[in-house]
Structures are given as C-alpha cells and as structure tokens.
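J.: Give me a 3D structure for the following:
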Amino acid sequence: MTNSWVAIIDDHESLRSSLARAFRLEGIRVESFASAEDFVGRATPTVPVCMVLDMQLPHMSGHELMHFLEREQPPLPPTVLITGHDDLLGTLDDCCTPYGRLRKPFEIDALLALVLPLMQASDA
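T.: Have a look, this model is predicted:
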C-alpha cells in the first residue's frame, strides 16, 4: 500500500465529500480538511502528493496557505486551486505558482486529469 495521498482543503463539506468519493473510486487515498488551519495542524506525518485547495477559505485563505507552506514547510506540493471567483484565480503572484486552476463548478474529470499523473509518478 502506498503512502501517497491527496489533500482536499475546502470549507464546504459537500464538496469535500464529493471530491473524496471520486478520488477513492480511482483508488486514491484522500485526507479532507475544512480549513487551512486544519491542514497545517494535521497529524499526518507525510506531505501530500497534491493539494486541491479552495482559494476562499475562512481565516487563512488558500493563497495565504500556499505562502505559509512555501515559507515554513517547503517545498509546496503541486496545488490545484479551485474557486467560484474568476478574479481570485487572476490575483496570484509569482511566489506560489499553482499546478492547476479550476473554476467552480468544474467537471471531476478535469480535476482527475490533473491529479492522476501526479499520483502515478509518485507510485513509480
């Protein structure tokens, strides 16, 4: 069994649950977090192969989490940013370039197309 996993960080429980179910159907281990703070305080000792990160979170935003991880716990895992706001996808600076960007609502196949190659590479 692999230690590879994907972190889903989104404050909407229904989306976290749906994404986790889709990943598990693909055989991908998932850990879900309702906030950036929950992710930072996680008990999981390994780093995720990929983060699926909502840009608009309560307290620490997704962008702030990326900056924190890059500064305090580098390297930043490949990160797929998700948001319902086009303007948030366009406001990123060069510090933390996302691996992918998806606007809500998005097709699960688009997300899987980004994440599956990372999982396959980590298992190789």
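
J.: Which strands and helices lie in contact with the lengthiest helix in the chain?
T.: For the chain, the helix with the greatest residue count under DSSP state H is helix 108-123. For helix 108-123, the elements it packs on are helix 13-25, strand 50-54, strand 79-83, strand 100-103, judged by 3 or more CB pairs under 8 Å, 6 or more residues apart in numbering; DSSP states H and E. Heads up, the C-betas are built off the backbone N, CA and C, glycines and all.

J.: can I get the CA coordinates of the last one in CSV?
T.: Written as CSV, here are the backbone C-alpha positions of strand 100-103 (Å, rounded to 0.1, in the frame of the first residue of the first chain):
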residue,chain,number,x,y,z
GLY,A,100,-3.6,23.9,-12.0
ARG,A,101,-6.6,26.1,-11.7
LEU,A,102,-10.3,25.2,-11.9
ARG,A,103,-13.4,27.4,-11.6
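
J.: Tell me the gap between that strand and the middle of its chain.
T.: 11 Å (CA atoms, centre = their mean, to the nearest Å).

J.: what's the answer for the first one, then?
T.: The offset between the C-alpha centroid of helix 13-25 and the centroid of the whole chain comes to 12 Å, using CA atoms, centre = their mean.

J.: okay, the angle between it and strand 79-83?
T.: Orientation note: helix 13-25 sits at an angle of 140 degrees relative to strand 79-83 (axes from the mean of the first three to the mean of the last three CA atoms, to 10 degrees).

J.: Now render the helices and strands packed on helix 108-123 as TSV, adding mean pLDDT, mean neighbour count and distance to R42.
T.: Shown next, in TSV, are those (pLDDT from 0 to 100; neighbours: other CB atoms under 10 Å; distance: least, CB to CB, whole Å):
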stretch	mean pLDDT	mean neighbour count	distance to R42
helix 13-25	97	15	14
strand 50-54	97	26	12
strand 79-83	94	23	16
strand 100-103	91	16	22
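
J.: Cheers, nothing more for now.
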